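**Q** structure for the following, please:
(2 chains)
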Amino acid sequence: AQRVTQPEKLLSVFKGAPVELKCNYSYSGSPELFWYVQYSRQRLQLLLRHISRESIKGFTADLNKGETSFHLKKPFAQEEDSAMYYCALRGDSWGKLQFGAGTQVVVTP
Amino acid sequence: NAGVTQTPKFQVLKTGQSMTLQCAQDMNHNSMYWYRQDPGMGLRLIYYSASEGTTDKGEVPNGYNVSRLNKREFSLRLESAAPSQTSVYFCASSDPGLPEAFFGQGTRLTVV
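**A** Here you go, the predicted model:
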């Protein structure tokens, strides 16, 4: 069975501090991993996917197959990073996403 | 470009009432999905439609039915609402090979 675990429900960080959101997954094959973000009063949107290996809004995420992890990192948090972040796994060709429980990030000045 | 549009945005139902949540996408995607979002549980898949004319159960289908009316529209019906169905419902669309799914703005449903 596939599962996505985000152990932190809430992360509170100061502006300028590093932030790391943890994500671990279980899946028997080779999944695609994503980070989606939901800003206040906005719809869910894609932030990162592991295949692209890019940095978006200063965030990066590396897929570690050995540890089955896909942690999201940013070296210097900004107030506009305050949002709900979801790690998600896509394991089949139908595009179904398995989401983690989400981590609420609050960046205080 | 509207993307994925859901109606209504808010709804309050009494236990036992029925209603249909509407979803339409204008991106010509083949696949559409309904998720529910609950605190501490993330988004869970209710039903999905891989292509026009097909629907399949997701993780939490009990108490729901869906209709893929055409390629654009995918509706979710609650036949007899229960308080446990109080949630925020999201519709999404995508295509095989696309890097992402596109979400609607959500419907906040309260069942009293």
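**Q** in its sheet, what does the helix or strand bottoming out on mean pLDDT in chain A sit against?
**A** Sorting the helices and strands of chain A by mean pLDDT, DSSP states H and E puts strand A:60-64 at the bottom, at a mean of 91. Its sheet considered, strand A:60-64 pairs with strand A:69-74 (antiparallel) by DSSP bridges.
**Q** residues touching the least confident helix or strand of chain A, excluding its own?
**A** Strand A:60-64 is touched from outside by A:23, A:33, A:35, A:48, A:50, A:53, A:69-74, with contacts defined as CB atoms under 8 Å, 6 or more residues apart in numbering or on different chains. C-beta coordinates here come from the backbone N, C-alpha and C atoms, glycine included.
**Q** hmm, try it at 6 Å
**A** Outside strand A:60-64, the residues within contact range by CB atoms under 6 Å, 6 or more residues apart in numbering or on different chains are A:33, A:35, A:48, A:50, A:70, A:72-73.
**Q** tell me which parts of chain A are close to chain B?
**A** A:43-44, A:46, A:49, A:86, A:93-96, A:99-102 (CB under 6 Å from any CB of the partner chain).
**Q** just send those back as CSV, with distance to A:Tyr27 and neighbour count too.
**A** Formatted as CSV, the residues of chain A next to chain B follow (distance: CB to CB, whole Å; neighbours: other CB atoms under 10 Å in any protein chain shown):
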residue, distance to A:Tyr27, neighbour count
A:Arg43, 26, 17
A:Leu44, 21, 25
A:Leu46, 19, 16
A:Arg49, 15, 21
A:Tyr86, 16, 25
A:Ser93, 14, 10
A:Trp94, 15, 17
A:Gly95, 15, 23
A:Lys96, 12, 23
A:Phe99, 13, 22
A:Gly100, 13, 26
A:Ala101, 17, 18
A:Gly102, 19, 23
